[in-house]
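Visitor: next come a sequence and a model predicted from it.
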Amino acid sequence: MPIEWTQRRLRFDVRLNPLKSELQLSDDTEVSFVPMDAVGELGGLRLEEERAIDEVYNGYTYFRDGDVVVSKITPCFENGKGALAIGLANGVGFGTTELHVMRPRETLHAGFLFYISIAHDFRCYGTAEMLGAGGQKRVPERFLKDWRAPLPPFETQKRIAAFLDEKTARIDALIARKRQLLERLAEKRQAIITQAVTKGLNPDAPMKDSGIDWLGQIPAHWKVVSLKRLVRMKSGDALTSSEIEEVGPYPVYGGNGFRGFTETYNTEGELIIIGRQGEHCGNIHRITGQTFVTEHSLRCFPEKPLNPKWLAALLELMKLREYSVSAAQPGLSADRLGMLPTIHCPPEDQDAIAIKLEDEFERMGLVSTPIDISLARLSEYRSALITSAVTGQIEYLQ
């Protein structure tokens, strides 16, 4: 740390979670309303929604222009969700209760505080301090108060914040362009799946009406069946995070795919699993061999000969997340999914479609893989640049 910098707990330079009783606005004043999905992972808030103060005063988190908001729940905190609040309606915002609010005092520049809050070390140590069970862990206010941030003189804080504003804007613009490319590839991938899985590969095949809106016309020799006629769905088993290791004999799969390894298995062979709960609800993954599938996924056991690659494409096309049960977090019911109408085609058609899709995806992977690698490197560089700047490692900014 440069010799002219100091280091002290943030509690001396910020007000944590200020009280909404300080507001001096009428009840019908319009203010910005910010749900969690409007908080950016690269900073920034989407300010599309406004509500009257009397609608949001109770049950929501209060902040104002110049405050720094930090998500406190996993996985949003680890993903860097947070922002410097700017441009709020009438200078005031209310949002999800899963936000901590930091208001800088005169000794701390708001932009510099924001970059402290998204630096790698702040997020890494904050994650380690989380309290709670399972997927509901939260960063305690105590961590923010006790975080010992390196603090340069105020003018240096301003210079560092301006430098990072310029650099991260350039990086973010490049990241946005690359993500747009990936979105177009994803759209093309979906179009390929839709054409092959719902129409087959023979353009001259006689067609019939499926009676299902999302399917439309299908080859005449295909059948419309309920999903339970194709697969029997059963959830995996409970497994604590302490039982999952970085290395081990059997891979573990949850709602978002591979999670690590454990000492036992509950599934054998090649199967499709469906994310059952939370943000990964409806995700489709193909697994093989001896594996452990957690309770956050549904295992699909074939009721008749099925090509797993064809089945995975069919389930992806069905957009199963749309059938989640409304609750505190989304969840899929095996019984409800089993009643959904879908299609079944002869094994030879399944195999041909699977080969076609595999060839197409391999060609698309030649384009998407370098973009994914580039995005990962840009994100790593962005994180390293922020951390270096706010800890005094860039000499000409000191």
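Guide: Here it is on my side, so go on. What you see is a predicted model, and the numbers here were worked out from it, not measured in a lab.
Visitor: quick one: the residue sitting nearest the centre point of the chain from residue 191, how far?
Guide: What sits nearest the mean C-alpha location of the chain, by CA atoms, centre = their mean, is residue 279, with 7.2 Å. Distance, residue 279 to residue 191, by CB to CB, to the nearest Å: 25 Å. All C-beta atoms are positioned from the backbone trio N, CA, C, and that covers glycine.
Visitor: could you do residue 184 as well?
Guide: Distance, residue 184 to residue 191, using CB to CB: 11 Å.
Visitor: ok, back up a step: the residue nearest to the centre of the chain and residue 332: what is the separation?
Guide: On the measure of CB to CB, residue 279 and residue 332 end up 13 Å apart.
Visitor: around residue 18, count how many other residues there are.
Guide: By other CB atoms under 10 Å, 16 other residues sit near residue 18.
Visitor: hmm, residue 104 and it touching each other?
Guide: No: if you go by CB atoms under 8 Å, residue 18 and residue 104 don't touch, sitting 11.4 Å apart.
Visitor: quick one: residues in contact with stretch 164-183.
Guide: 42-43, 111, 115, 368, 371-372, 374-375, 378-379, 381-382, 385-386, 389-390 (CB atoms under 8 Å, 6 or more residues apart in numbering).
Visitor: so where's the protein shaky on pLDDT?
Guide: 133-135, 326-330 (pLDDT under 70).
Visitor: tell me the domain ranges of it?
Guide: Using automatic domain parsing, the domains assigned to the chain come out as 6-151, 223-344.
Visitor: for those domains, which one sits closest to residue 395?
Guide: Of all those, domain 6-151 sits nearest to residue 395, with 14.5 Å by CB to CB.
Visitor: first-to-last residue distance for the closest one?
Guide: 5 Å (CA to CA, to the nearest Å).
Visitor: just how off-centre is that domain within its chain?
Guide: A distance of 19 Å separates the centroid of the chain from that of domain 6-151, by CA atoms, centre = their mean, to the nearest Å.
Visitor: tell me the helices in the stretch 251-398 of the chain, going along the chain?
Guide: 308-317, 334-338, 347-390 (DSSP state H, counting those that start in this stretch).
Visitor: remind me what the longest one packs against, helices and strands.
Guide: In terms of contacts (3 or more CB pairs under 8 Å, 6 or more residues apart in numbering; DSSP states H and E), helix 347-390 is packed against helix 110-118, helix 120-128, helix 154-199, helix 308-317.
Visitor: apply 10 Å and report the result again.
Guide: Helices and strands touching helix 347-390, by 3 or more CB pairs under 10 Å, 6 or more residues apart in numbering; DSSP states H and E, are helix 110-118, helix 120-128, strand 148-151, helix 154-199, helix 308-317.
Visitor: winner for burial among those?
Guide: Highest mean neighbour count among the helices and strands packed on helix 347-390 (mean count of other CB atoms under 10 Å): helix 110-118, with a mean of 24.
Visitor: could I have that one exported to PDB, CA atoms only?
Guide: Extracted in PDB, the C-alpha atoms of helix 110-118 (Å, rounded to 0.1, in the frame of the first residue of the first chain):
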ATOM      1  CA  ALA A 110     -18.800   7.500  -4.000                       C
ATOM      2  CA  GLY A 111     -17.200   6.200  -7.200                       C
ATOM      3  CA  PHE A 112     -14.200   4.900  -5.300                       C
ATOM      4  CA  LEU A 113     -16.500   3.200  -2.800                       C
ATOM      5  CA  PHE A 114     -18.300   1.500  -5.600                       C
ATOM      6  CA  TYR A 115     -15.100   0.000  -7.000                       C
ATOM      7  CA  ILE A 116     -14.100  -1.100  -3.500                       C
ATOM      8  CA  SER A 117     -17.400  -3.000  -3.300                       C
ATOM      9  CA  ILE A 118     -16.900  -4.900  -6.500                       C
END
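Visitor: so what touches stretch 259-270?
Guide: The contact list for stretch 259-270, computed with CB atoms under 10 Å, 6 or more residues apart in numbering, reads 234, 236-237, 239-241, 243-254, 273, 286-294, 296-297, 299, 301-302, 307-309.
Visitor: selection in ChimeraX covering whichever of those are buried, please.
Guide: Remark: buried members of the contacts of stretch 259-270, expressed as a ChimeraX selection using 16 or more other CB atoms under 10 Å:
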select :236,239,244,251,252,253,254,273,287,291,292,293,294,296,297,299,302,307,308,309
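Visitor: re earlier: any shared contact partners between residue 18 and residue 104?
Guide: Contacts common to residue 18 and residue 104, judged by CB under 10 Å, 6+ apart, are residue 67.
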